[in-house]
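J.: kindly generate the corresponding structure for this input.
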Amino acid sequence: MQIAKVCGTVVSTQKEQSLTGVKFLLVQFLDAEGQLLPEYEVAGDSVGAGIDEWVLVSRGSAARQIPGSESRPLDALIIGIIDTVSVESGQLYSKREQDR
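T.: Residues are numbered from 1 along each chain as shown. Just a heads-up that it's a prediction; the model follows:
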């Protein structure tokens, strides 16, 4: 899994039939200090994440281990919305602080 920040939405009206009803979000990955990395990826959303939230992204074949996703052509899936991230030096992120 990797930590990423939701930066936008992706709308696709024409897509593989197994992806009908799947919400797509544009995510940008974060480094160990919480800084945005240059890589972006489109990820399916299984938890209802929103713009600016930090999320857990499962990639590769692990993204298809969620029941119902086994036959979907997904390379990345948002599987969690992060509440807090703490590191040795202190708290790196708090959703509560972001919501203020």
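J.: in the protein, which spans are helices?
T.: 95-99 (DSSP state H).
J.: low pLDDT regions in it?
T.: In the predicted model, the chain carries pLDDT under 70 at residues 61-71, 99-100.
J.: spatially central, which residue of the protein would that be?
T.: Closest to where the C-alpha atoms of the chain average out (CA atoms, centre = their mean) is residue 78, at 3.7 Å.
J.: quick check: it touching residue 27?
T.: Yes. Using CB atoms under 8 Å, residue 78 is in contact with residue 27, at 7.2 Å. Bear in mind the C-beta positions are built from the backbone N, C-alpha and C, glycine included.
J.: which residues do these two both contact?
T.: The contact sets of residue 78 and residue 27 overlap at 4, 6, 43, 55, 57 (CB atoms under 8 Å, 6 or more residues apart in numbering).
J.: beta partners for the last one?
T.: With DSSP bridges applied, residue 57 shows beta-bridge pairing to residue 2, residue 78.
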